[in-house]
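A.B. asks: Take this sequence and fold it.
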Amino acid sequence: MRHLARDGFCWPNEAQELLLRAALLTGDAALGAWEQWCSQNDIEAIDAGSLRLLPLLYRNLKALGATGTLIDRLHGVYRQSWYRNELLFRRIEMVLRALTDADIPTMVLKGTALSLLAYREHASRPMKDADIAVPWHHAETALGVVRSLGWMPKPETRDFWPIFPVARHFLDVSGHELDLHWHVLNAGRRAHADDDLWSAAVPLRVGAVETCALHPSDQLLHVLVHGIAWNPVPQVRWVADAALVLRESGGGFDWDRLMAQTRERGLGCPVRSGLEYLQSKFAARIPPEVWNNFLAIRPSLAERVEHRYRQRGPQTVLGWGPALWFEYVRLAHSQRRRARVGGFVRALRTSLRVGSWWRVAAILATKELRQLVHRWTWSDVLAGRGARDTSPVRAAAPRKRHGE
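C.D. replies: The predicted structure follows:
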């Protein structure tokens with residue numbers, strides 16, 4: 001399956017691949033990748049996506065006995081990641097305890113689950129926010145519980161908004177972020193879409209609270225589908241997430257379950273392209289018969305076009321329009337209805353709370369104009385700039401004494 005041009009937003013570029021190799025491989029392969037990266041790149045100008053890899057990179061290089069000034073600076077980034085994650089984990093525990101006391105089942109997603117089950121520590125995977133899922137029929141009660149703890153709904157800042165949201169975003173007074181989900185995947189929005197994910201979930205303890213996380217096969221599916229999509233911050237961390245999920249599962253990974261979930265949810269494009277990348281670049285151990293089964297998947301034309309637009313995001317003439325359309329199509333199909341333009345416009349009117357189609361058109365045009373301006377802003381990210389002034393690498397560097 002052909003990848004789109006690697007623009008640094010979800011498919012790693014050459015420099016990001018070197019960092020991933022240094023963070024994930026062992027022995028001379030990792031050390032050689034690190035030396036090559038250092039000879040070609042300036043850590044002061046590191047992009048935001050690569051910045052997220054530095055704590056894992058430090059852990060791996062330290063275990064391999066690497067030394068030097070840059071290793072000391074990476075140690076500072078690692079300690080900073082540990083501190084921030086510790087604070088966030090304490091907030092997560094409080095929310096989980098309150099939801100449990102309200103008899104609401106909980107499941108931790110993304111960084112929280114990956115830190116504990118794949119990375120095996122709090123520091124190696126920096127987390128901007130926490131993601132907690134509850135069953136869809138508990139959503140209203142759970143939203144009330146979260147608000148009662150002082151979390152406030154976060155105003156939407158992106159130009160893309162979901163027609164039928166699967167989560168609500170919150171902030172607390174300390175600036176911590178929380179996403180409360182009532183559906184695990186954007187591709188599954190019908191009432192009982194996640195029942196099989198909940199039934200196969202594995203138990204997990206966050207602090208003193210019992211919760212659960214996705215089954216390893218479902219975890220890999222979630223990582224690939226969520227990671228292989230456009231994001232203003234390069235999402236190359238999905239490679240490390242996926243590689244570590246496979247590594248921690250050992251030879252007991254349930255490939256049959258991954259295949260069944262992929263087919264059922266119509267997600268063959270992102271899953272197959274992600275596995276292809278992991279196999280070709282990081283020697284992921286995918287049994288030949290399993291890989292042949294994935295090669296036999298024949299995604300529909302609509303799925304292929306959707307996958308292409310998910311990788312491009314708003315960086316097209318049509319902006320977020322195709323993403324909104326495919327979201328509507330998936331929801332219509334899950335409800336066994338035909339996707340029609342009239343239904344799409346009605347869905348937009350409901351989402352935007354407006355009464356006429358021309359107001360929908362005006363809002364869309366305004367958002368696309370704003371997105372056009374944002375494209376020029378993100379050109380700095382494409383060029384690898386923009387992270388210099390805010391990089392914790394600079395903050396973590398030891399200060400020189402006067403006269404040194």
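A.B. asks: pLDDT (mean, whole number) over whichever helix in the chain runs longest?
C.D. replies: Counting residues, the longest helix found in the chain (DSSP state H) is helix 69-101. Averaging pLDDT along helix 69-101 gives 95.
A.B. asks: go on, stretch 167-174?
C.D. replies: Mean predicted confidence for stretch 167-174 is 90.
A.B. asks: Buried ones in it, by neighbour count?
C.D. replies: Neighbour-count burial for stretch 167-174 flags 167-172 (criterion: 16 or more other Cβ atoms under 10 Å). C-beta here means a position set from N, CA and C on the backbone, and glycine is covered the same way.
A.B. asks: sorry, back to before: for the longest helix of the chain, packing partners?
C.D. replies: Applying 3 or more Cβ pairs under 8 Å, 6 or more residues apart in numbering; DSSP states H and E, one finds that helix 69-101 contacts helix 54-63, helix 110-117, strand 129-133, helix 139-148, strand 177-181, strand 202-206, strand 209-213, helix 392-396.
A.B. asks: let's see 6 Å
C.D. replies: helix 54-63, strand 202-206, strand 209-213, helix 392-396 (3 or more Cβ pairs under 6 Å, 6 or more residues apart in numbering; DSSP states H and E).
A.B. asks: tell me the angle of it relative to helix 54-63?
C.D. replies: 120 degrees (axes from the mean of the first three to the mean of the last three Cα atoms, to 10 degrees).
A.B. asks: which regions of this structure sit below the pLDDT cut-off?
C.D. replies: Scanning the chain for pLDDT under 70 picks out the ranges 1-8, 156-164, 188-189, 314-321, 332-337, 339-343, 345-404.
A.B. asks: Going by distance to residue 263, which of the buried residues of stretch 167-174 wins?
C.D. replies: residue 167 (25.0 Å; Cβ to Cβ).
A.B. asks: Skipping adjacent residues, who's closest to the closest one in space?
C.D. replies: Ranked by Cβ to Cβ, 6 or more residues apart in numbering and with sequence neighbours excluded, the top spatial neighbour of residue 167 is residue 181, at 4.2 Å.
A.B. asks: what's the answer for residue 237, then?
C.D. replies: Counting by Cβ to Cβ, 6+ apart, the residue nearest residue 237 is residue 52, at 5.0 Å.
A.B. asks: Am I right that that neighbour is in contact with residue 127?
C.D. replies: No: at 9.5 Å, residue 52 does not count as touching residue 127 under the criterion of Cβ atoms under 6 Å.
A.B. asks: coming back round to it: in the longest helix of the chain, what counts as buried?
C.D. replies: Neighbour count says helix 69-101 has 70, 73-78, 80-82, 84-85, 88-89, 91-93, 95-99 buried, by 16+ other Cβ under 10 Å.
A.B. asks: Also stretch 19-29?
C.D. replies: 19-25.
A.B. asks: Export it to CSV, keeping only CA atoms.
C.D. replies: Taking C-alpha atoms only, stretch 19-29 is exported to CSV below (Å, rounded to 0.1, in the frame of the first residue of the first chain):
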residue,chain,number,x,y,z
LEU,A,19,15.5,8.9,16.4
LEU,A,20,13.0,6.1,16.4
ARG,A,21,15.7,3.6,15.6
ALA,A,22,17.9,5.0,18.4
ALA,A,23,15.0,4.8,20.8
LEU,A,24,13.7,1.3,19.9
LEU,A,25,16.6,-0.8,18.6
THR,A,26,19.4,-2.4,20.7
GLY,A,27,23.2,-2.6,20.6
ASP,A,28,25.2,-1.0,17.8
ALA,A,29,22.1,-0.4,15.6
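A.B. asks: roughly how far is that stretch from the heart of the chain?
C.D. replies: Remark: stretch 19-29 is offset 22 Å from the chain centroid, using Cα atoms, centre = their mean, to the nearest Å.
A.B. asks: Please enumerate residues in contact with that stretch?
C.D. replies: 30, 33-34, 37, 50, 53, 56-57, 60, 239, 243 (Cβ atoms under 6 Å, 6 or more residues apart in numbering).
A.B. asks: residues near residue 211, how many?
C.D. replies: 24 (other Cβ atoms under 10 Å).
A.B. asks: and what of the one 4 residues further on?
C.D. replies: As a burial measure, residue 215 scores 21 neighbours (other Cβ under 10 Å).
A.B. asks: What values do phi and psi take at residue 152?
C.D. replies: phi -110, psi 140 (degrees, to the nearest 10).
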